[in-house]
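Novice: compute the structure for the input listed below.
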Amino acid sequence: MNNIKPYQVSAVNAFSLILIGGYGYLQSENPSITALIPVITGIILILLNNGIKVENKIIAHVAVSLTLIMIFGLIMPLLGSIKRSDIGAIIRVIIMLSTTILALIIFIKSFINARRNKAD
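Specialist: Predicted structure coming up:
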């Protein structure tokens, strides 16, 4: 996991949010505009990805903040899909949560490593 770059995992997370979130929105019988929040967040993360790649601190912190917010933002849809016993929605949200949590972990590890390297 040390070879994974933050911009790579952020891109995977962004595409997960866009594709799975978009599928969930289109597949829903009564789609809500709030169901597009993961899609919009994914698009923003894609737009920020080049800044993450060149290690722009401000852009990286914005991406981390969006990623953290997305984790909290996916909790209610998960609880709602569990309440409705909608297995498809549960799986979709768990996948999006998993990629988002992984992205956050990689970002945090990257920040820790950058701090260590700066101290050396």
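
Novice: where does the protein have low pLDDT?
Specialist: Within the chain, the ranges that satisfy pLDDT under 70 run 1-2, 120.

Novice: residues making contact with stretch 68-79?
Specialist: 17, 35, 37-38, 41, 89-90, 93-94, 96-97, 100-101, 104 (C-beta atoms under 8 Å, 6 or more residues apart in numbering). For glycine as for every other residue, the C-beta is placed from the backbone atoms N, C-alpha and C.

Novice: what's the helix or strand for the spatially most central residue of the chain?
Specialist: For the chain, Thr100 is the residue whose C-alpha lies nearest the centre (C-alpha atoms, centre = their mean; 3.5 Å). Element membership for Thr100, per DSSP states H and E: helix 87-119.

Novice: and that helix, how far out from the chain middle?
Specialist: 8 Å (C-alpha atoms, centre = their mean, to the nearest Å).

Novice: and it, what's buried?
Specialist: 89-90, 92-93, 96-97, 99-104, 106-107, 110 (16 or more other C-beta atoms under 10 Å).

Novice: closest to Leu45 among those?
Specialist: Ala103 (8.4 Å; C-beta to C-beta).

Novice: residues in contact with the closest one?
Specialist: Pro6, Val9, Ser10, Val12, Asn13, Thr67.

Novice: for the protein, what spans make up the helices?
Specialist: Shown for the chain, the helices assigned by DSSP state H span residues 6-27, 37-53, 57-83, 87-119.
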